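Q: The following comprises the amino acid sequence and a computationally predicted model.
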Amino acid sequence: MSKRRLAREYALQTLYFSDTGKLSTDDSSLFANNFFHNLDEETFAFCKDLVVGANTHIKEIDKIISSKAANWSLERMSAVDRAILRMASYELVFSQDNAPVPAIIDEAIELAKKYSTENSGKFINGLLDQIKKERKNGKAAGN
């Protein structure tokens, strides 16, 4: 498993715990600091950026997801799918990392297949395909 995939898995876990109320968003950075210390410095920094970035931009991210999710409210989505969508949307729209769009979407689909339902990969792919248009000229929108 690549270091970036591992970072995304850890970030997904943290965002899931935040979303389900098992961890407050204020504590999620602390959670990452305490539990993911076995990651090397670069991988940990990427994981922490995903968690802090998704939580920092959660209102804007949720608006973007809601605007693209026809006939689906955020509340109706599974907590795992919401966490994956929030993390990938942060990467697509707000992150300074500028990872390749296909890599971000592929990683999100793989996480959905591993941790969510049989149909989640297609659902995540469809939404992220629409959300990727928020990225302007290879630069994150709003930055």
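A: Great, that's in hand. Numbering: from 1, shown residues only.
Q: make it CA atoms for all contacts and neighbour counts henceforth
A: Will do.
Q: wait, what's in contact with the residue nearest the centre of the chain?
A: In the chain, the residue lying closest to the centroid (C-alpha atoms, centre = their mean) is Met87, at 1.0 Å. Remark: with contacts taken as C-alpha atoms under 8 Å, 6 or more residues apart in numbering, Met87 is in contact with Ala11, Leu12, Leu15, Leu50, Val51, Ala54.
Q: Touching, the third one and Asp81? I think so.
A: No. Shown here, Leu15 and Asp81 do not form a contact pair, counting by C-alpha atoms under 8 Å, at 10.6 Å.
Q: More neighbours: which of those two?
A: Between Leu15 and Asp81, Leu15 has the larger neighbour count (other C-alpha atoms under 10 Å), namely 28 against 24.
Q: which ones are touching the more buried one?
A: Neighbouring residues of Leu15 by C-alpha under 8 Å, 6+ apart: Ser28, Val51, Asn55, Ala83, Met87.
Q: if we go to 6 Å?
A: Leu15 sits next to Ala83 when contact means C-alpha atoms under 6 Å, 6 or more residues apart in numbering.
Q: And it, how close does it get to Asp106?
A: To Asp106, Leu15 is 19 Å away according to C-alpha to C-alpha, to the nearest Å.
Q: again, but for Arg8
A: From Arg8 to Asp106 the distance is 12 Å (C-alpha to C-alpha).
Q: So between the two, which is more surrounded?
A: For Arg8 and Asp106, the more surrounded residue by other C-alpha under 10 Å is Arg8, and the numbers stand at 26 against 16.
Q: Are we agreed that the more buried one is in a helix?
A: Yes. Assessed with DSSP: H, G, I helix; E, B strand; the rest coil, Arg8 lies in a helix.
Q: Now it. Nearest residue, chain neighbours left out?
A: Cys47 (6.2 Å; C-alpha to C-alpha, 6 or more residues apart in numbering).
Q: how close does the one you found sit to Gly21?
A: Separation of Cys47 from Gly21 (C-alpha to C-alpha): 20 Å.
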